[in-house]
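Asker: build the 3D model from these lines:
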Amino acid sequence: MSDLEDLDWLAFRYVVGELDAAETQAFESQLEDDQHAREAVARAHSLARCIVAAESDRRANLRGSAAARGWSRWHEVAAAAVSLAA
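Answerer: Okay, the predicted model is just below:
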């Protein structure tokens with residue numbers, strides 16, 4: 001993994017609340033001075049929103065909503081994941 005990929009993963013874990021208190025504090029200190037870290041948080045936040053939206057659509061589809069809507073949301077999630085990996 002490259003440094004930017006590591007930073008994206010750390011930012012994602014931060015956004016979804018998977019860091020412990022010490023890791024959170026260290027990352028928040030990094031955010032004060034590191035523009036790349038702040039940009040990684042923005043990307044992670046966008047990805048997390050797509051995942052939540054896709055999960056919401058998936059649940060709606062299970063209740064009989066239009067399957068096409070769920071399919072398009074999954075494309076958004078896949079595109080966001082690919083952009084993070086790039």
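Asker: neighbours around Glu5, how many?
Answerer: A count of nearby residues for Glu5, using other Cβ atoms under 10 Å, gives 13. The way it works is simple: take the backbone N, C-alpha and C, and place the C-beta from them, glycine included.
Asker: now name the helix or strand holding it.
Answerer: Using DSSP states H and E, Glu5 falls within helix 3-15.
Asker: so what touches the following helix or strand past that helix?
Answerer: Scanning forward in sequence from helix 3-15 by DSSP H and E, the next helix or strand is helix 21-33. With contacts defined as Cβ atoms under 8 Å, 6 or more residues apart in numbering, helix 21-33 is touched by Leu10, Ala11, Arg13, Tyr14, Leu19, Ala37, Arg38, Val41.
Asker: can you give me the pLDDT of the last one?
Answerer: Val41 carries a pLDDT score of 96 in this model.
Asker: quick check: mean pLDDT across the helix holding Glu5?
Answerer: Mean predicted confidence for helix 3-15 is 91.
Asker: now for that helix, which elements pack on it?
Answerer: helix 21-33, helix 35-62, helix 67-85 (3 or more Cβ pairs under 8 Å, 6 or more residues apart in numbering; DSSP states H and E).
Asker: pick out the shakiest of those helices, pLDDT-wise.
Answerer: helix 67-85 (a mean of 61).
Asker: out of the contacts of helix 21-33, which are buried?
Answerer: Buried members of those, counted by 16 or more other Cβ atoms under 10 Å: Leu10, Ala11, Tyr14, Leu19, Ala37, Val41.
Asker: which of those residues sit farthest apart?
Answerer: Leu19 and Ala37 (12.9 Å; Cβ to Cβ).
Asker: what number of residues lie near Cys30?
Answerer: Careful, residue 30 is Gln; it's not Cys. Gln30 has 17 nearby residues by other Cβ under 10 Å.
Asker: check the one 4 residues further on too.
Answerer: Neighbour count for Asp34, taken as other Cβ under 10 Å: 13.
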